[in-house]
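>>> for reference, the sequence and a predicted model appear below.
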Amino acid sequence: MYLQFVTNKVKDKEKYISAAKIFVQDLIKVNGCISADVYQVEGKNNEVVIASQWINKDRMYSTEAEATFLNNKHNLKTYFISNETTILVN
């Protein structure tokens, strides 16, 4: 199992969260995605984490997962500054 945490620095937290929630609703539909959600970082007003759980690495990096991100990217990009990704493996 793989856990992916993408910590995003954002310009407008509330608008980014709204767009990110739409993205994770689409991401959950991707074959191999077990769960996905959006989290606020306590004490940091400009950070939002998109966390997802995957059955394996191949599904996490699949063309279906990539297409889902690309389909939502335009909604996220307006509020995006930078990000850092952490992958945990079980």
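Everything's here; your move. Numbering: from 1, shown residues only.
>>> what segments of the protein are strands?
In the chain, the strands defined using DSSP state E lie at 2-10, 33-40, 47-54, 80-89.
>>> most neighbours per residue, which of these?
Sort those by mean neighbour count, taking mean count of other CB atoms under 10 Å, and strand 47-54 sits at the top with a mean of 20. Heads up, the C-betas are built off the backbone N, CA and C, glycines and all.
>>> quick one: list the elements packing against that one.
Judged by 3 or more CB pairs under 8 Å, 6 or more residues apart in numbering; DSSP states H and E, strand 47-54 is in contact with strand 2-10, helix 13-27, strand 33-40.
>>> rewinding a little: save the strands of the chain as a markdown table, and put in distance to residue 67 and mean pLDDT too.
Listed next are the strands of the chain as a markdown table, based on distance: least, CB to CB, whole Å; pLDDT from 0 to 100:
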| stretch | distance to residue 67 | mean pLDDT |
| --- | --- | --- |
| strand 2-10 | 16 | 98 |
| strand 33-40 | 13 | 98 |
| strand 47-54 | 15 | 98 |
| strand 80-89 | 18 | 97 |
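>>> just tell me which of the ones you listed ends up closest to residue 26.
strand 33-40 (9.0 Å; CB to CB).
>>> packing partners for the closest one?
helix 13-27, strand 47-54.
>>> show me the contact partners of it.
In this structure, residues lying in contact with strand 33-40 by CB atoms under 8 Å, 6 or more residues apart in numbering are 1, 13, 17, 20-21, 24, 27-28, 47-55, 59, 65.
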